[in-house]
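Undergrad: Need a 3D model of the following:
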Amino acid sequence: MDLAGGAENFPVTLWPRLEEPPPFQYSPDHVAGAGGGPDPSEISFPGCNCQSASCLTSACSCLCYGENYSNSCIKCEGNELDYSKPVFECNTMCPCGELCQNRVVQRGLQFRLEVFRTAKKGWGLRTLESIPKGRFVCEYAGEILDFREACRRIHLQTSKDSNYILAIREHMSDEQIMETFVDPTYVGNVGRFLNHSCEPNLFMVPVRIDSMVPKLALFAARDICAEEELSYDYSGRYQNYLPVQDQEKLQQAKESKKPCYCGTKLCTGFLPYDSSIFYKNGGANC
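TA: You can find the predicted model right below:
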């Protein structure tokens, strides 16, 4: 069985074969969600003027922040799990070829992945082949929501529901904060099956191609072995902690933290908790 229905470069297999996860619509890319959020399919970036098959950093306007990839691996400086340099890939309007070195995430899956049933964490995702450090693994794709719709959906959830909504906050050069809300609950890709780990083997980088709506691209933080479960830090930080003010709000809301079963040496014992959607602009009245 191919969980992706032929939408990816490789079939996404399922184990055990006789079990299936709750139904959802598979989409390898972001889609526009309800509530008037941004349209991720809109092409708003102009292309570069490069005439070569593969763009050079010194001449390509898409590489104004420096080279993004080397041999298909993302170029990182310092702590790979705290990647902050803006990443823009060449896009639909660029005249460079499909094999341009600045086209990686847009090529889709490059490794065979499998959705599998874990012992304690429900469904998870693992790789069926080894993945070198720095290689792109998959996106976290789903419906792109505005804040109000994300807030509405969060408040409809019960303690038994899994929360797939991911909030990405980027600090811009003008000191503004750009927020992107992604929900793969009903429409999403293989990334929705990734579990949290306090010592993850993937890290997330917002990658922009055709518009300001970022692809939430997950790269290998280290060499990953075949059959190994794939994971990332839900909090966006390598250290999973809950600020004191959020702990107080958590008690006020009578919400319980969910246990973490990642089993790593540095496991904090609980999943990251983001209270911002609950409490921003007045909480439930947002």
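
Undergrad: contacts, neighbours, all on C-alpha from now
TA: Fine.

Undergrad: now the strands for the stretch 101-250 of the chain?
TA: 113-117, 123-127, 136-139, 142-145, 166-171, 177-188, 195-196, 202-208, 215-220, 231-232 (DSSP state E, counting those that start in this stretch).

Undergrad: so the first one versus strand 123-127, what angle?
TA: Translated: strand 113-117. Inter-element angle recorded for strand 113-117 and strand 123-127: 150 degrees (by axes from the mean of the first three to the mean of the last three C-alpha atoms, to 10 degrees).

Undergrad: In its sheet, which strands sit next to strand 113-117, and in what direction?
TA: Sheet pairing of strand 113-117 (DSSP bridges) gives strand 13-15 (parallel), strand 123-127 (antiparallel).

Undergrad: Contacts for that strand next, please.
TA: Identification of contacts with strand 113-117 by C-alpha atoms under 8 Å, 6 or more residues apart in numbering yields 11-16, 123-129, 190, 193.

Undergrad: Can I get that strand in CSV, CA atoms only?
TA: C-alpha atoms of strand 113-117 as CSV (Å, rounded to 0.1, in the frame of the first residue of the first chain):
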residue,chain,number,x,y,z
LEU,A,113,10.0,6.2,4.2
GLU,A,114,7.5,4.1,6.1
VAL,A,115,4.7,5.0,8.4
PHE,A,116,4.6,2.4,11.3
ARG,A,117,2.9,1.7,14.5
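
Undergrad: Pull out the buried residues from it.
TA: Across strand 113-117, burial judged by 16 or more other C-alpha atoms under 10 Å covers 113-117.

Undergrad: need the strands of the stretch 101-250 of the chain in CSV with mean pLDDT and distance to Thr158, can you?
TA: Below are these laid out as CSV (pLDDT from 0 to 100; distance: least, C-alpha to C-alpha, whole Å):
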stretch, mean pLDDT, distance to Thr158
strand 113-117, 98, 23
strand 123-127, 98, 19
strand 136-139, 98, 27
strand 142-145, 96, 20
strand 166-171, 90, 17
strand 177-188, 94, 14
strand 195-196, 96, 19
strand 202-208, 95, 27
strand 215-220, 97, 26
strand 231-232, 96, 24
